[in-house]
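*Asks:* here you go, sequence then predicted model.
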Amino acid sequence: MSIELSKLDAFKQQFSHTIEIPVIWGDMDAFQHINNTVYFRYFENVRIEYFDLVGINQLMAKEKIGPILGETACRYQLPLTYPDTVTIGTKVSAIKEKRFTMQYEIFSHKQQGTAAKGMGEIVYMDYNKGKTCLIPESIVQAIEKLEKSGA
């Protein structure tokens, strides 16, 4: 007998890291849905937790070598409203010498569907020198390990 996964469980299996956040009433705008800028905060929250998991934030604090957001985008699919809870998923879809690409999705528990999909291009920066740099090998390995174990 096979057990059918819930939509939320199936959603989570697509990503190497997910977080859950309650929708805040004060984040709604005059049109009575969550303001479009909040979706980017959701992406930021999951991105920063991902960075913690792979050691990016720790290395940045120690050596001042770390990420800067080079590009971001969001495709809105469902309007979010209070009350709701969202699960935000992320994964790294490509790694290059000095940058990597993160994919994001926001799942609405109330609507049982994807509210938004997005991406972020993360550029590696040597903040001491004020210029881009290679992603440290330890970070590349940590990302690859998380991606293999998570998704």
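*Replies:* On my side now, so go ahead.

*Asks:* remind me, longest strand of this protein?
*Replies:* strand 113-126 (DSSP state E).

*Asks:* please enumerate the helices of this structure.
*Replies:* 7-12, 36-54, 56-63, 137-150 (DSSP state H).

*Asks:* in the third one, what's buried?
*Replies:* Of the residues in helix 56-63, those with enough neighbours to count as buried (16 or more other C-beta atoms under 10 Å) are Ile56, Asn57, Leu59. Every C-beta, even on glycine, is put in place using the N, C-alpha and C of the backbone.

*Asks:* same question, the first one
*Replies:* If you call a residue buried by 16+ other C-beta under 10 Å, then helix 7-12 has these buried ones: Leu8, Phe11, Lys12.

*Asks:* what's the most buried one of the helices of the chain?
*Replies:* helix 36-54 (a mean of 18; mean count of other C-beta atoms under 10 Å).

*Asks:* helices or strands up against it?
*Replies:* strand 17-22, helix 56-63, strand 65-76, strand 85-95, strand 99-108, strand 113-126, helix 137-150 (3 or more C-beta pairs under 8 Å, 6 or more residues apart in numbering; DSSP states H and E).

*Asks:* one more time with 7 Å
*Replies:* If you count contacts as 3 or more C-beta pairs under 7 Å, 6 or more residues apart in numbering; DSSP states H and E, helix 36-54 packs onto strand 17-22, strand 65-76, strand 85-95, strand 99-108, strand 113-126, helix 137-150.
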